[in-house]
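> sequence unavailable; structure follows:
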DNA sequence: TCACATTTGTCCGTATGTATC
DNA sequence: AGATACATACGGACAAATGTG
């Protein structure tokens, strides 16, 4: 008698659906660099001819790629499917969907942000190069200028945290931070919170950057914790 | 002249496409509980009649929902679109796609895992209730039994980390941990690593659980760090 | 301003494969 | 084994959007 093996070692063999195969082929062409960002794919009719399938099949394949974030589709003349630079927005969307099916509170998001960004900071301080520091400094001075001109600096303040994640040199951190930020933004817009107090945020960002430059890990972590706690606690009145 | 405002304040208004509207309506029905997991949606033809659109339009809407993880579609009689319990697998897929377009190393994954799970442990120790402890104990004893019978315990060992995340009571952590785990699994399968040394893994899990039960945060964190480092370092020879 | 070409969006009808009873 | 119900796939057609001359 054979030794009994646990279930789920082999996935069931799925009979290939044409639209999935088409989508896979285009996807691998993107991964291996044959298709590059900003490139335009052939039109649906041309693709149908190339793959020897119907237009409907091509369209369903394109729907998959669109939802996965690989392409966007423009209508009209000179339109068509265009390769995207990143698929990060798709991650945030998926994360958002997942969390919408759970019960997620603003506090949950804040806690996760604090913990994640604390880790990010440790690695950012370890791995940041001059380009990262410059980008962060640039971000703050741009934001300052905008505040004086009365322009909203919300996108810049979000960008600050993404730049920190980049400085960690770990793509996993970057994706996770961007996703949580997108999640927070969605949460905020859904409950109609406002975007004031950017000056305070800006001042705190400046202090954090200073600590990063000085490689002062303890101070930086203390600052980001307070910073994110403030944003999280003032949930109904203030945010990034 | 108008004051120049930063770009991307307003998104372009998209003229509604039927397939997107159909997909949205089904999605909101899922969110507000009208449609529950395991429910079967009407057939494509019936949906086409209800929404007053063509079958092709319905199919494209279903493609979106399928890719987002909300439904799976079974062919044949008594088949049709079925509501899924969670959309977590969609998150992992999206994350995977995103990271495949970057340059991610096993070390990046290991670092992110360690940092994330350290945070998870802190909150798990704070928030775990008896049910969580029971589930974790159950997991270990099940795995032990399987090891004795020569059955692979890889899925159980992965489950252990998910149970830890659940014990933290923070859905964001759960999603992030599951995603990173899926990412690691994908990475492993892609490079054909093996699944041995489960006994060592099991023993370490047992120690971690003990520390959690004793509410010994420092010890638990030290253990999980060593545990994940070992898994990460022995990348080409050993894993979970 | 207007007409035209291109490309996606949508519809219909039909045929075939596939799983269930 | 046969009937049924469903997804899958094809082809042809027209509408709507969009850029170009």
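Great, that's in hand. Predicted, not measured: the structure shown is a model, and the values here were computed from it.

> domains of chain A?
When chain A is parsed with automatic domain parsing, its domains come out as A:3-83, A:87-239.

> tell me the mean pLDDT over the shortest one?
Read that as domain A:3-83. The average of the pLDDT scores along domain A:3-83 is 86.

> what about that domain, distance to the chain center?
How far domain A:3-83 lies from its chain's middle: 22 Å, per C-alpha atoms, centre = their mean, to the nearest Å.

> what residues does chain A put near DNA strand D?
Residues of chain A found near DNA strand D (C-beta under 7 Å from any atom of the strand) are A:16-19, A:48, A:52-57, A:60, A:74-79. To be clear about C-beta, it is placed using only N, CA and C from the backbone, and glycine gets the same treatment.

> quick revisit: between the domains of chain A, which gets nearest to DNA strand C?
Minimum separation from DNA strand C across the domains of chain A (C-beta to the nearest atom of the strand) falls at domain A:3-83, 3.2 Å.

> establish whether the closest one and DNA strand C are in contact.
Yes - contact of domain A:3-83 with DNA strand C (C-beta under 7 Å from any atom of the strand) involves A:15, A:41, A:43-45, A:55-56, A:59, A:62, A:73-81.

> which part of chain A gets nearest to DNA strand D, residue-wise?
For chain A, C-beta to the nearest atom of the strand, closest residue to DNA strand D: residue A:76, 1.8 Å.

> next, count neighbours for that residue.
Neighbour count of residue A:76, defined by other C-beta atoms under 10 Å in any protein chain shown: 6.

> distance of it from chain B?
11 Å (C-beta to the nearest C-beta, to the nearest Å).

> picking that back up, of the residues of chain A next to DNA strand D, buried ones?
Neighbour counting with 16 or more other C-beta atoms under 10 Å in any protein chain shown marks A:18, A:19, A:48, A:53, A:56, A:57, A:60 as buried within the residues of chain A next to DNA strand D.

> among those residues, which lie within strands?
The strands, defined by DSSP state E, take in nothing from these.

> which one of the domains of chain A is the most hemmed in?
domain A:87-239 (a mean of 19; mean count of other C-beta atoms under 10 Å in any protein chain shown).

> work out the gap between that one and the centre of the chain.
Using C-alpha atoms, centre = their mean, the offset of domain A:87-239 from its chain centre is 12 Å.

> if you average pLDDT over that domain, what comes out?
86.

> do that domain and chain B meet at all?
Yes - Domain A:87-239 is in contact with chain B by C-beta under 8 Å from any C-beta of the partner chain, via A:87-88, A:90-91, A:93-95, A:97-104, A:108-109, A:111-112, A:115-116, A:118-119, A:122-123, A:146, A:149, A:151-152, A:155, A:170-176, A:179-180, A:183.

> in helices, which of those residues appear?
A:88, A:90-91, A:93-95, A:97-100, A:108-109, A:111-112, A:115-116, A:118-119, A:122-123, A:146, A:155, A:171-176, A:179-180, A:183 (DSSP state H).

> quick one on the thing from earlier: what about the residues of domain A:3-83 next to DNA strand C, which are in strands?
A:73, A:74, A:80, A:81.

> check those residues against residue B:128 and report the nearest one.
residue A:73 (46.7 Å; C-beta to C-beta).

> got the contact list for the residue nearest to that closest one when sequence neighbours are not counted?
Once flanking residues are discounted, residue A:73 sits nearest to residue A:81: 5.1 Å by C-beta to C-beta, 6 or more residues apart in numbering or on different chains. Going by C-beta atoms under 8 Å, 6 or more residues apart in numbering or on different chains, residue A:81 touches A:40, A:41, A:62, A:65, A:66, A:71, A:72, A:73.

> in these, find the pair that's most separated.
A:40 and A:66 (14.3 Å).

> who's in contact with residue A:156?
Residue A:156 makes contact with A:139, A:142, A:143, A:146, according to C-beta under 8 Å, 6+ apart.

> would you quantify the distance from the third one to chain B?
Looking back up the chat, that one is residue A:143. Relative to chain B, and taking C-beta to the nearest C-beta, residue A:143 is found at 11 Å.

> now what about stretch A:38-50, what contacts it?
So stretch A:38-50 is contacted by A:22, A:26, A:35, A:54-55, A:57-59, A:62, A:71, A:80-83, A:85 (C-beta under 8 Å, 6+ apart).

> I'd guessed residue A:29 sits against residue A:35; true?
Yes - here residue A:29 reaches residue A:35: they are 4.6 Å apart, a contact under C-beta atoms under 8 Å.

> and the nearest residue to residue A:83 once chain neighbours are set aside, its phi and psi?
The shortest distance from residue A:83 to any non-neighbouring residue, by C-beta to C-beta, 6+ apart, is to residue A:39 (4.7 Å). Recorded main-chain torsions at residue A:39 are phi -60, psi 150, according to degrees, to the nearest 10.

> near chain B, anything from whichever strand or helix holds residue A:22?
For residue A:22, the element it lies in under DSSP states H and E is helix A:18-31. Yes - Helix A:18-31 comes into contact with chain B (C-beta under 8 Å from any C-beta), by way of A:19, A:30, A:31.

> wait, the second one touches residue A:85, no?
In other words, residue A:30. No - taking C-beta under 8 Å as the definition, residue A:30 is not a contact partner of residue A:85, at 11.0 Å.

> so residue A:120 touches residue A:180, yeah?
No - here residue A:120 lies out of contact with residue A:180, judged by C-beta under 8 Å, at a distance of 10.7 Å.

> contacts for stretch A:93-100?
Against stretch A:93-100 from outside (C-beta under 8 Å, 6+ apart): A:69, A:179-180, A:182-183, A:186, B:31, B:68-70, B:86-88, B:90-91, B:93-95, B:171-172, B:175, B:179.

> typo on my end, stretch A:56-64
Outside stretch A:56-64, the residues touching it (C-beta under 8 Å, 6+ apart) are A:18-20, A:22-23, A:26, A:44, A:47-48, A:51, A:71, A:73, A:81, B:19, B:56, B:59-60, B:63-64, B:67.

> many thanks, I have nothing further to ask.
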